[in-house]
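Participant: Whatever this is, show me its structure:
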Amino acid sequence: MKRDDASSEPLSKLLARPHEQRLREYKYRFSQAAVFGLPVLALQAWGHALGGPESDRWIGFLQALLAGWVVYIGAAGMLFEGLILLPRRVMADLIPALVAVLTYLFSLVSVLHVPFTSHLGYRPLLFHVSVLVIALWTGMQWFRWSRRVPA
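Facilitator: Sure thing, here's the model as predicted:
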């Protein structure tokens, strides 16, 4: 029994981070979502005007790369922590992280058809949704935690 308690101690310390560290995490996640997510949103809005008949392929590919980074930085940690804590309680971070990851994977499968068929597997691509979910959630959390941490 002591072995289980000893192995769960580092995990407990990790999950019981100080408010300042959580604030820094949300600030970093939001910043990454803004910097790498804005091009995803721009490609979603105006990408088709930039190219000819092959624009769908390149838009999807670029959005997959940029949104992939946003999902990796923004949602992976929240998803991992939410899944670890799931047997004890549901963390609020788990829901937006799951939405972001699932919408990203849905779109990624369509883009992965391009090398084999020369066109997207299906539409719509939802990379912009995953970016918006992460940016909005981490921005709200950054604001919420900034009110808890004294300046």
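
Participant: and stretch 139-147, C-alpha only, in PDB?
Facilitator: Extracted in PDB, the C-alpha atoms of stretch 139-147 (Å, rounded to 0.1, in the frame of the first residue of the first chain):
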ATOM      1  CA  GLY A 139      -8.800  33.300 -22.300                       C
ATOM      2  CA  MET A 140     -11.800  33.100 -19.900                       C
ATOM      3  CA  GLN A 141      -9.700  30.900 -17.500                       C
ATOM      4  CA  TRP A 142      -6.800  33.400 -17.700                       C
ATOM      5  CA  PHE A 143      -9.100  36.200 -16.700                       C
ATOM      6  CA  ARG A 144     -10.700  34.200 -13.900                       C
ATOM      7  CA  TRP A 145      -7.400  33.100 -12.400                       C
ATOM      8  CA  SER A 146      -5.900  36.600 -12.700                       C
ATOM      9  CA  ARG A 147      -8.600  37.800 -10.400                       C
END
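
Participant: Touching it from outside, list them.
Facilitator: For stretch 139-147, contacts defined as CB atoms under 8 Å, 6 or more residues apart in numbering pick out 19, 22, 23, 26, 27, 30, 33, 93. Heads up, the C-betas are built off the backbone N, CA and C, glycines and all.

Participant: Excluding chain neighbours, what is closest to residue 94?
Facilitator: Take residue 94 and drop its neighbours on the chain: the residue closest to it by CB to CB, 6 or more residues apart in numbering is residue 82, 2.9 Å away.

Participant: mean confidence for the host helix or strand of the one you found?
Facilitator: Assessed by DSSP states H and E, residue 82 sits inside helix 76-85. In this model, helix 76-85 carries a mean pLDDT of 91.
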